[in-house]
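Undergrad: Pasting a predicted model and its sequence here:
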Amino acid sequence: MQTRKLLITALLLASSTLLSASSEEAKALTTKKCSECHMIDSMTDTHGANGHIKAPPMWGVMRKIRENFKTKDEVIAFLIDYTLNPASEKMLFPKATEEYFGLMPSQKGKLTEEELAIIAQYLYQ
Ligand code: HEC
């Protein structure tokens with residue numbers, strides 16, 4: 001129930017805050033918060049990765065999510081929930097991904113709900 005409430009709040013925030021965040025700001029925020037591990041633009045964008053790939057690239061993550069969820073709300077809800085509460089049993093990627101990279105550490109406390117809502121909207125587009 002608690003998680004559900006959080007998701008609904010985040011979704012509501014997403015629709016209202018997007019109006020104030022330009023896509024450039026959203027991109028910069030996503031790069032700041034996620035690119036330490038995920039390549040944001042392409043396979044060749046190694047920003048922050050120091051040449052070592054620490055996680056699947058974001059385009060791969062998004063392709064996987066889109067294969068599994070039909071609506072925008074479901075895609076965004078999954079992104080928000082997984083970023084705050086990653087778990088083996090929620091993974092859409094196969095077990096081998098976890099064995100290779102390790103489970104994603106929770107980003108709880110590293111970004112606000114509002115920031116996460118902006119990032120999820122940005123990644124969806
Ligand atoms: C400290 C490294 C790290 C950071 C920072 C990070 N991730 Fe991840 N992420 C991972 C790893 C490793 C995986 C692959 C293993 C897994 O799925 O848990 C992953 C997987 C994912 C998945 C796919 C889960 C699945 O298997 O279905 C999503 C969605 C995701 N990350 C979103 C994000 C978002 C959004 C951000 C930025 C707010 C972010 N991550 C920041 C390490 C990170």
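TA: That came in fine, so what should we check first? Numbers count the residues shown, from 1 in each chain.

Undergrad: tell me the contacts of the residue positioned nearest the centre of the chain?
TA: The chain has Leu79 as the residue nearest its centroid, 4.7 Å off, counting by CA atoms, centre = their mean. Residues counted as contacts of Leu79 (CB atoms under 8 Å, 6 or more residues apart in numbering) are Ile65, Ile119, Ala120, Leu123, Tyr124. For every residue, glycine as well, the C-beta is placed using N, CA and C.

Undergrad: Dump those residues to CSV, plus secondary structure.
TA: What follows is the contacts of Leu79, written out as CSV (DSSP: H, G, I helix; E, B strand; the rest coil):
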residue, secondary structure
Ile65, helix
Ile119, helix
Ala120, helix
Leu123, helix
Tyr124, helix
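
Undergrad: Tell me the one among those residues nearest to the ligand.
TA: Nearest to the ligand among the contacts of Leu79, counting by CB to the nearest ligand atom, is Ile119 at 5.3 Å.

Undergrad: count of neighbours near the closest one?
TA: For Ile119, the neighbour count with other CB atoms under 10 Å is 26.
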